[in-house]
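Peer 1: Dropping the sequence and predicted coords here.
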Amino acid sequence: MTTSTAASSAVTADRYYSVPSDAKPDAISGERAKKLKYLAGGVWQESKTSKYMPCYNPSTGAVIAHAPQCTAEEVEEAIQAAAKAFPAWRDTPIAKRTQVLFKMKQLLEENLDELIYLCAQEHGKKWDEAAGDVLKTIEVVEFACCAPQMMKGESLMNVSTGYDTVQFREPLGVFAGIAPWNFPAMLPHGWMAPICIVTGNCMVLKVASFVPQSAMRISELWKQAGLPDGVLNLVTTSRNEAEILLRHPAIKGVTFVGSTSVGQHIYATAASNGKRVQALTEAKNHALVLKDAVIERAAQGIINSFCGCAGERCMALPVVVVENAVADQLVEAITRLAKEVNLGLAYDKSTGLGPVVNQGHKEFVLGWIETAIKEGAKLVLDGRTPKLPAGCEKGTFVGPTIFDHVTEQMTCGREEIFGPVLCIKRVNNFEEGLQLMNNSRFANGSVIYTESGYYAREFARRTDGGMVGINVGIPVPLAVFGFTGHKLSFFGDLHCMGRDGFLFYTETKNVTTTWFTGTAIPAKVSTWDGTMTRG
């Protein structure tokens, strides 16, 4: 698929971008970059900002778009559009809101190849990983269609004599979704928008300026699905203007995915301004490989887990803790398989590993590799100068990199690298390995490879990880269960997706009723107005 066929049909005024006729062709691709817009009140508008951020194709280094750093006034415009749309959307029957999601699922499936290509092109995920990004979006849209069942309240007749109580779940208003760059489709339009929208709320999405086009194109599909203007709004902006979302009185809640330091700030700031917050943050997931594990199969799972998505996911597996008895065997197997991974264009379906997102992140990952070397870790496989096919010379690639004999004193084994870098730690037994893993300040996921039912059960019971894999390298639950990070991998009380997702986007209202017709009027109404059942 070429860029021209991947892009949607002819550019019109109501698209998420324009292509200025006076724009200079890119030196690498020879094509003019798109000038991106922002969405407020159902209208794609050109920003008045003078600051635009270049968006790259990390496979080639070409500039493919420029994203506006929207002004404070434009962020305010998006918030006001959402607030204006809320009353009518809240009062729309839930069955009709759900019909929009049914249509949205259909449109996502009809435009699947276009969205996969767009995600691969702007982010660098290889084809099947980009497909997963979009398919996981569809998964949550499907799950959100169960809203009529999930939003049903509870009731009890004659809770006290002549009194009945009914409990409802209602939307709150406008939510802000602050999405990172590592899953351009799934995070804004899977983890954030569907449940927020179907429960009757409105949303302002702040998407990552590095990779905004997947989210923008999917926003166009929401409108095509029949979503009323203003229910979903989208901006790209700097952290300064994004701060408005944390303090604005019209925003009732904030959902965030990103770094722990930013997540802590968002949680503290938004909560102190009376908002609900869920902040999903960093990780340093570990796998424990016991001596009874099926080594070759474990190695295959580990390769997928640390190289998949170029390691740029919070459920990656950047650390393997292995029993000494099989450590050499496991390192040999992982290294052999890692050497077989071919790098190339993300949208070439034969590619085994795509680039990292941009040059700045490549330098970040390379910096961590240098740190690990200085800290004394043994470099088993060096991915700093990988072999690349023609056309990728200016891409931002890091090959699979493996370090052995990493210790607890080394920061490379404790901090999030967010690249295709694996750290191997050696232990004597299960107990030592479990303690080492639980010493981490992060606790998104944890994995064990074993054929022992006893150790698998002990691990599941005692690990700090919020999402546990038993011989499963990436134990991301389906949307029906939600995403349950622990420790410094999450800030908040209600997780995203699953039942928690519906609770986060709604509040409870209890209605207690009694009727006077046909009953004797009491001489005196009690202090508790009939709702006391004791005494």
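Peer 2: Cool, got the structure.
Peer 1: Trp515: neighbouring residues, count only.
Peer 2: 9 (other CB atoms under 10 Å). Every residue, glycine included, has its C-beta placed from N, CA and C.
Peer 1: cool, the one 3 residues further on as well?
Peer 2: Neighbour count for Gly518, taken as other CB under 10 Å: 5.
Peer 1: looking at this, it is in a helix?
Peer 2: No - assigned with DSSP: H, G, I helix; E, B strand; the rest coil, Gly518 falls outside any helix and is coil.
Peer 1: For it, give me the pLDDT.
Peer 2: pLDDT, the model's per-residue confidence, is 71 for Gly518.
Peer 1: One more: Ala279?
Peer 2: 98.
Peer 1: Output the contacting helices and strands for whichever strand or helix holds it.
Peer 2: Here Ala279, judged by DSSP states H and E, is contained in strand 276-280. Helices and strands touching strand 276-280, by 3 or more CB pairs under 8 Å, 6 or more residues apart in numbering; DSSP states H and E, are strand 251-257, helix 260-272, strand 490-492.
Peer 1: and the first one, average pLDDT?
Peer 2: For strand 251-257, the mean per-residue pLDDT is 98.
Peer 1: Strands along the stretch 401-535 of the chain, start to end?
Peer 2: 401-404, 421-427, 442-443, 445-449, 467-470, 486-487, 490-492, 506-513 (DSSP state E, counting those that start in this stretch).
Peer 1: picking up where we left off before, closest to Arg239 out of the helices and strands packed on strand 276-280?
Peer 2: helix 260-272 (7.9 Å; CB to CB).
Peer 1: What are the buried residues along that closest one?
Peer 2: Within helix 260-272, the residues that qualify as buried are 260, 262-263, 265-267, 269-271, counting by 16 or more other CB atoms under 10 Å.
Peer 1: Same check on stretch 90-101?
Peer 2: 90, 94, 97-98, 100-101.
Peer 1: Pull the CA coordinates from that stretch and hand them back as CSV.
Peer 2: Taking Å, rounded to 0.1, in the frame of the first residue of the first chain, the C-alpha atoms of stretch 90-101 are listed here in CSV:
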residue,chain,number,x,y,z
ARG,A,90,-26.9,12.7,28.4
ASP,A,91,-30.7,12.7,27.7
THR,A,92,-30.3,10.5,24.6
PRO,A,93,-31.6,7.0,25.5
ILE,A,94,-28.8,4.6,26.1
ALA,A,95,-30.1,2.3,23.4
LYS,A,96,-29.6,5.1,20.8
ARG,A,97,-26.1,5.9,22.2
THR,A,98,-25.2,2.2,21.9
GLN,A,99,-26.4,2.2,18.2
VAL,A,100,-23.6,4.8,17.5
LEU,A,101,-21.1,2.3,18.8
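Peer 1: ok now it, how far from the chain's centre?
Peer 2: Relative to the chain's own centre, stretch 90-101 is displaced by 25 Å; criterion: CA atoms, centre = their mean, to the nearest Å.
Peer 1: Contacts made by that stretch with the rest, please.
Peer 2: 89, 141, 144-145, 147-148, 151, 170-171, 194, 197-198, 200-201, 222, 225-228 (CB atoms under 8 Å, 6 or more residues apart in numbering).
Peer 1: what is the rounded mean pLDDT of that stretch?
Peer 2: Here the average pLDDT along stretch 90-101 is 98.
Peer 1: Quick check: which ranges of the stretch 201-350 of the chain have low pLDDT?
Peer 2: Across the stretch 201-350 of the chain, nothing is flagged by pLDDT under 70.
Peer 1: The stretch 351-500 of the chain: helices as residue ranges?
Peer 2: 359-375, 430-438, 453-462, 498-504 (DSSP state H, counting those that start in this stretch).
Peer 1: Return the most buried member of those helices.
Peer 2: helix 498-504 (a mean of 21; mean count of other CB atoms under 10 Å).
Peer 1: packing partners for it?
Peer 2: Helix 498-504 packs on helix 147-150, helix 193-198, going by 3+ CB pairs under 8 Å, 6+ apart.
Peer 1: And these: which comes nearest Ala33?
Peer 2: helix 193-198 (26.6 Å).
Peer 1: which strands and helices sit next to that closest one?
Peer 2: helix 94-110, helix 127-144, strand 174-178, strand 202-206, helix 498-504.
Peer 1: please redo it, this time with the cut-off set to 7 Å
Peer 2: helix 94-110, helix 127-144, strand 202-206 (3 or more CB pairs under 7 Å, 6 or more residues apart in numbering; DSSP states H and E).
Peer 1: In the sheet, which strands lie alongside the shortest one, parallel or antiparallel?
Peer 2: Going back to what we said before, that points to strand 202-206. Paired neighbours of strand 202-206 in the sheet (DSSP bridges): strand 174-178 (parallel), strand 232-235 (parallel).
Peer 1: Can you add distance to Pro386 and mean neighbour count and give these back as CSV?
Peer 2: Listed next are the strands paired with strand 202-206 as CSV, based on distance: least, CB to CB, whole Å; neighbours: other CB atoms under 10 Å:
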stretch, distance to Pro386, mean neighbour count
strand 174-178, 33, 28
strand 232-235, 35, 28
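Peer 1: Let's have the ones you listed in a markdown table, adding distance to Asn444.
Peer 2: Shown next, in a markdown table, are the strands paired with strand 202-206 (distance: least, CB to CB, whole Å):
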| stretch | distance to Asn444 |
| --- | --- |
| strand 174-178 | 18 |
| strand 232-235 | 27 |
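Peer 1: Nearest to Cys309, out of the ones you listed?
Peer 2: Here strand 174-178 is closest among the strands paired with strand 202-206 (CB to CB), at 20.2 Å.
Peer 1: what angle separates that closest one from helix 260-272?
Peer 2: Put simply, strand 174-178 runs at 170 degrees to helix 260-272, going by axes from the mean of the first three to the mean of the last three CA atoms, to 10 degrees.
Peer 1: what separates strand 174-178 from the chain centre, distance-wise?
Peer 2: Distance, centroid of strand 174-178 to centroid of chain: 14 Å (CA atoms, centre = their mean).
Peer 1: could you give the angle of that strand to strand 251-257?
Peer 2: 20 degrees.
Peer 1: burial of Gln106, as a residue count?
Peer 2: The burial count for Gln106: 14, using other CB under 10 Å.
Peer 1: where's it relative to Lys487, distance?
Peer 2: 39 Å (CB to CB, to the nearest Å).
Peer 1: what does Gly301 give?
Peer 2: In terms of CB to CB, Gly301 sits 24 Å off from Lys487.
Peer 1: Name the residue in the two with the higher neighbour count.
Peer 2: Gly301 (21 against 17).
Peer 1: which ones are touching the nearest residue in space to that one that is not next to it in sequence?
Peer 2: With sequence-adjacent residues excluded and distances taken as CB to CB, 6 or more residues apart in numbering, Gly301 is closest to Gly473, at 3.8 Å. Residues in contact with Gly473 (CB atoms under 7 Å, 6 or more residues apart in numbering) are 287, 301-302, 304-305, 317, 447.
Peer 1: Just the ones of those residues in helices?
Peer 2: 301-302, 304-305 (DSSP state H).
Peer 1: Can you say which two of these are spatially most distant?
Peer 2: Across the ones in helices among the contacts of Gly473 (CB to CB), the longest gap, 7.3 Å, separates Ile302 and Asn304.
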